[in-house]
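Chemist: Prediction below, plus the sequence it came from.
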Amino acid sequence: MRIGFWLLGLSGCRAQPPPVRPGVDCDHLPASPLASEPFPAVANEDIAFDGEGNLVGADFATTLWSTDLSGNAKPIMPSSGVEAGLRLMGWDGTLASAQYATNAIFRINPKTGSKELLVGGLSTPSGIEIGDDHSVWFGELNGDRVQRYDADTRTLHVIASGIGRPNGLTFNRSYDRLYVAATGEGHIYEIDIDPLTKEPIGERRVFIADAGNGIDGLSVDACGNLYAGWWSEARIDRYTAEGVGPETLVYEPYSNFGLGNFAWGEEAFGWEPTDIYAVEFGNDTVRRIQLGVGEKPRLH
């Protein structure tokens, strides 16, 4: 389980982000092009680390695989239904899985190979992000909205609607701003979130306009920079917290795969925390990329 510390200000004040990890120089991060290499893990659309530090992803047949630090992959759940967003729910060690076929989000236990329904009746759920509390945030591609599921109260809350095919989701370092990749519009939006109520503050804003229609997975690093992967091509871009960019870190224009979603190395389990593991869309395989900076702290 990831462990972090959360400092909240008074109601209406912005939360204070955790400090950057030692050894990271936010003003002098490695520039592109970044080195990458194949890594023997299995994943088709999204990828996540489980509570024991294994890299977990599903193949085309939705068999769920677990890969350890040495690259040893083993199947842990046949017919898992995993085909979209996948994220660790750190408070209990299970995985939240968005599944198109059933229009639902399931809780998957990677130890037992079992699953249970969390949220049903959705409209093509896709990108998933985990909040700093017991909450699952996700987009609905055919519902054009973003919702939050409170795992403690088992309630749903609409965060934003009218967003064209919201796909990738991620928070900033202090978890009071949500970024949303609108795949159908080519924009990245930002939504301020009240740190106490978890409700949106004001209207959403366009953070990056006309980023491109192939933009997919999002994540934020320890310095506050935003990363975007592309389902349509082998490309990963970086934007500053102020929206400056993109700086294209990885681009292989003649590849037959995209790099739409990725997970950061788990330092607590021996992985290099400044590497990311990106899914090669269409190949059931993974690439390791030496990014040079780690992910924002996970606070659940």
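Modeler: Perfect, I can see it now.

Chemist: Contacts only, for residue 216.
Modeler: 127, 167-168, 181, 183, 228-231, 258, 260-261 (C-beta atoms under 8 Å, 6 or more residues apart in numbering). Glycine gets a C-beta too; all of them are placed from N, C-alpha and C.

Chemist: quick one: which of these has the most company?
Modeler: In terms of neighbour count, residue 181 stands highest of these at 32 neighbours, by other C-beta atoms under 10 Å.

Chemist: Name the nearest residue to that one, ignoring sequence neighbours.
Modeler: Nearest non-adjacent residue to residue 181, counting by C-beta to C-beta, 6 or more residues apart in numbering: residue 168, 3.8 Å away.

Chemist: That neighbour touches residue 182, doesn't it?
Modeler: No. Judged on C-beta atoms under 8 Å, residue 168 makes no contact with residue 182 at a distance of 9.4 Å.

Chemist: Now do the helices in the stretch 151-300 of the chain.
Modeler: In the stretch 151-300 of the chain, no helices are defined using DSSP state H, counting those that start in this stretch.

Chemist: shaky segments in it?
Modeler: Filtered on pLDDT under 70, the stretch 151-300 of the chain yields the residue ranges 299-300.

Chemist: one step back: against residue 85, how distant is the residue nearest to residue 181?
Modeler: As judged by C-beta to C-beta, to the nearest Å, residue 168 and residue 85 stand 9 Å apart.

Chemist: what is in contact with those two at once?
Modeler: With C-beta under 8 Å, 6+ apart as the test, residue 168 and residue 85 both reach residue 127.

Chemist: For residue 116, grab the count of nearby residues.
Modeler: 9.

Chemist: For it, give me its contacts.
Modeler: 106-107.

Chemist: Could I get the phi/psi values of it?
Modeler: phi -140, psi 150 (degrees, to the nearest 10).

Chemist: That one bridge partners, please.
Modeler: On the basis of DSSP bridges, residue 116 is bridged to residue 107.

Chemist: Tell me how far it lies from residue 258.
Modeler: To residue 258, residue 116 is 31 Å away according to C-beta to C-beta.

Chemist: Ok, residue 118 next?
Modeler: For residue 118, the distance to residue 258 - C-beta to C-beta - is 27 Å.

Chemist: Tell me, how many residues neighbour the residue lying closest to residue 262 once chain neighbours are set aside?
Modeler: What sits nearest to residue 262 in space, not counting adjacent residues and going by C-beta to C-beta, 6+ apart, is residue 278, at 4.0 Å. If you count neighbours by other C-beta under 10 Å, residue 278 ends up with 28.

Chemist: My guess is residue 278 contacts residue 231. True?
Modeler: No. Taking contacts as C-beta under 8 Å, residue 278 lies outside contact range of residue 231: 11.3 Å.

Chemist: can you pull the contacts of the residue nearest to residue 271 when sequence neighbours are not counted?
Modeler: Sequence neighbours aside, residue 265 is the residue nearest to residue 271 in space, at 3.6 Å (criterion: C-beta to C-beta, 6+ apart). By C-beta under 8 Å, 6+ apart, residue 265 lies in contact with 271-277, 294.

Chemist: number of nearby residues for residue 244?
Modeler: 11.

Chemist: do you know how far it is from residue 172?
Modeler: For residue 244, the distance to residue 172 - C-beta to C-beta - is 15 Å.

Chemist: With residue 261 instead?
Modeler: If you measure residue 261 against residue 172 using C-beta to C-beta, the figure is 19 Å.

Chemist: Also residue 33?
Modeler: 26 Å.

Chemist: So which of those two has more stuff around it?
Modeler: residue 172 (20 against 11).

Chemist: pretty sure the more buried one contacts residue 239?
Modeler: No. Residue 172 is beyond contact range of residue 239, at 11.8 Å (criterion: C-beta under 8 Å).

Chemist: Might you report the residue contacts of residue 58?
Modeler: 42-45, 64-65, 80, 82-83, 86.

Chemist: what does stretch 121-129 contact?
Modeler: 46, 84-87, 96-100, 103-105, 119, 136-143, 147, 166-171, 178, 181, 216-218.

Chemist: now, which of these lie within strands?
Modeler: Residues of those located in strands (DSSP state E): 86-87, 96-99, 104-105, 119, 136-140, 147, 166-171, 178, 181, 216-218.

Chemist: No further queries at this time; thank you.
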